[in-house]
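K.L.:
sharing a sequence plus its predicted fold:
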Amino acid sequence: MLKVYNSLTRRLEQFEPLHEGFVGIYVCGPTVYGHSHVGHAKSYVSFDAVVRYLRFLGYRVRYVQNITDVGHLTDDADAGEDKVDVKARQMGVAPMEVAQLYTRSYFEDMDALNVQRPDISPCASGHIPEQIALIRKLVDGGHAYEVDGAVYFDVQSFPEYGRLSGRNLDELLEGTRVEARGDKRHPADFALWKKSEPGHIMRWDSPWGVGYPGWHIECSAMSMAYLGETFDIHGGGIENIFPHHEDEIAQAEAATGQQFVRYWLHNNMVTVDGQKMGKSLGNFITLKDAFAGRPPLDTPIRPMVMRYFILTSHYRSPLDFSMGALEAAGKGLERIENAVRRVRESLRGTVEGAPSGQIQQLLDETREKFLAEMDNDFNTAGAIGEMSAFTREVNRLMDEGDAVTRDGLEAVNQLYEQLGGQVLGIVTDESGRAVESAGIESDLVDAMLEVREDLRKAGHYELADGVRRRLSKLGVQVKDSADGPTWRFKKGAPS
Ligand SMILES: [Zn+2]
């Protein structure tokens, strides 16, 4: 039974999707005005493990992660300049060139970290009509008001405002300087639509004049466009709980009258040698610099080691980035990789025979403990601990020798590929390619094999063999045993 910590209720809750067998998940994506850094790696590797595990459990998952290419201002709220515009001016290129350059860079880094691509990566500039429609609905419903070409959300019209972050409007009022209030009715009111200043290149016509959307509205508009008015999981960094996620809830729920998100998941931040990471502190580490070993680091970090390192802490815990910790992580990953290689190499020369009792018990126990860790709010730290303990036992049994048969080793390899590969994404297949979640394909293969069994029982052996040959051509290797058939994807096969 999967349990998740819901930031909205501040409790561990049993996960139940809105629609049986389907999970809709939205995670706030990057603002594409610079290369991704280790903080991005922690966030997106963590949610990658969440999505992989949901798929492993058999859910069909639609994972939406936006690309912010307009509307995110330099002070992260309603003031300052558009981050993409500022960068475009510095580089002497068009804002869209900046957005495209850093979108590509982002996916390059995520691919290196073996992060599976989202199913939909909508960008804000491509969803202006959806955002205008949502703002219009809020204005019509009395939840937003226009002042001189800008539109603000009226927080006093939404009594639930502050529920996620645990803040109330009186506190927010006290903390605000008078000059910061501007045209707003309440200082916590936030911009849905901004009037474009001269020189702002990314701008569109709207019912309120020429301008561009605020940062928060894109996430409400795009998540609901692809996942519906109510969906299962919304993820993001804890630094975005207020105001970004608070504002997303207000916009969506004021417009629809429905609950927006059922489970809010927030990942914690990265520190570097115990300090907050920041450009001004000289400890800002982009992923490209880390992978290449450029300053502030002096040794290249293998992307898979960084992935492993991130997963050795729980997503809700802060992660301290230091060379010492990364070296230790590298050794931990190598121990697993060496054992996987040893198992695969031994497969050829080992005697036939069913898995021994010892191996079978180890496999069953490991699987059970691993799944219990992942069921406990995606505790990848515990799951990696189980992988390491399993690796020690596999090595010990192989050293002793006699307990190990070919089928036993195949089962060990399969467990590595499923739990270490499909779920954690730290084990690759025999050709060095990432082991992907099998998703619906595995259900289809199971269904085909059931049909084949029925054919055999009915005496249609030729047809049954035909099914097996067809599967083999698709790269599925079927093995028959006394307990019925088992199967796996062959090396290099489509998956
Ligand atoms: Zn967002």
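P.N.:
Ah, there it is. Residues are numbered from 1 along each chain as shown.
K.L.:
please count neighbours and contacts with C-alpha atoms only from this point.
P.N.:
Will do.
K.L.:
which residues touch the closest residue to the ion within the stretch 1-150 of the chain?
P.N.:
With Cα to the ion as the measure, residue 28 is the residue of the stretch 1-150 of the chain nearest to the ion, at 4.1 Å. Residues in contact with residue 28, defined by Cα atoms under 8 Å, 6 or more residues apart in numbering, are 65, 66, 219, 235, 236.
K.L.:
hmm, which of the residues you listed are the buried ones?
P.N.:
When those are checked for burial by 16 or more other Cα atoms under 10 Å, the buried set is 65, 66, 219, 235, 236.
K.L.:
tabulate the contacts of residue 28 in TSV, adding columns for distance to residue 121, secondary structure and pLDDT.
P.N.:
What follows is the contacts of residue 28, written out as TSV (distance: Cα to Cα, whole Å; DSSP: H, G, I helix; E, B strand; the rest coil; pLDDT from 0 to 100):
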residue	distance to residue 121	secondary structure	pLDDT
65	5	strand	98
66	5	coil	97
219	12	helix	98
235	15	strand	98
236	15	strand	98
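K.L.:
of those, which ones also sit close to the ion?
P.N.:
For the ion, the contacts drawn from the contacts of residue 28 by Cα under 5 Å from the ion are residue 219.
K.L.:
count residues in the vicinity of residue 226, would you?
P.N.:
When counting by other Cα atoms under 10 Å, one arrives at 17 neighbours for residue 226.
K.L.:
that one: what's it in contact with?
P.N.:
Per Cα under 8 Å, 6+ apart, neighbours of residue 226: residue 64.
K.L.:
so it is in which element?
P.N.:
Here residue 226, judged by DSSP states H and E, is contained in helix 215-227.
K.L.:
give me the buried positions along that helix.
P.N.:
Neighbour-count burial for helix 215-227, counted by 16+ other Cα under 10 Å, picks out 215, 216, 217, 218, 219, 220, 221, 222, 223, 224, 226, 227.
K.L.:
repeat for stretch 63-78
P.N.:
By neighbour count with 16+ other Cα under 10 Å, stretch 63-78 contains the buried residues 63-73, 76-78.
K.L.:
not counting it itself, show me its contacts.
P.N.:
Under Cα under 8 Å, 6+ apart, the answer for stretch 63-78 is 24-33, 51, 79-84, 96, 99, 103, 118-125, 190-191, 202, 212-215, 219, 222-223, 226, 243.
K.L.:
from residue 217, how far out is the residue of the stretch 1-150 of the chain closest to the ion?
P.N.:
12 Å (Cα to Cα, to the nearest Å).
K.L.:
and for residue 71?
P.N.:
Distance from residue 71 to residue 217, by Cα to Cα: 9 Å.
K.L.:
same deal with residue 16?
P.N.:
Look at residue 16 and residue 217: by Cα to Cα, they are 27 Å apart.
K.L.:
cool, residue 481 as well?
P.N.:
Using Cα to Cα, one obtains 56 Å as the distance from residue 481 to residue 217.
K.L.:
quote the end-to-end distance of stretch 135-145.
P.N.:
Stretch 135-145 has an end-to-end distance of 10 Å (criterion: Cα to Cα).
K.L.:
how about the helix ranked longest in the chain: buried residues?
P.N.:
Taking DSSP state H as the criterion, the chain has its longest helix at helix 323-349. Judged by neighbour count (16+ other Cα under 10 Å), helix 323-349 contains these buried residues: 326, 329-330, 332-333, 336-337, 339-340, 342-344, 346-347.
K.L.:
which one of those is nearest to the ion?
P.N.:
Of these, the one sitting nearest to the ion (Cα to the ion) turns out to be residue 326, at 29.8 Å.
K.L.:
hang on, the closest one packs against residue 306?
P.N.:
Yes. With contact defined as Cα atoms under 8 Å, residue 326 counts as touching residue 306 (7.2 Å).
K.L.:
could I get the buried residues of helix 323-349 as CSV with distance to the ion and pLDDT?
P.N.:
Converted to CSV, those look like this (distance: Cα to the ion, whole Å; pLDDT from 0 to 100):
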residue, distance to the ion, pLDDT
326, 30, 96
329, 31, 97
330, 33, 97
332, 34, 97
333, 33, 97
336, 36, 97
337, 36, 96
339, 41, 96
340, 39, 95
342, 44, 92
343, 44, 92
344, 43, 91
346, 48, 87
347, 48, 83
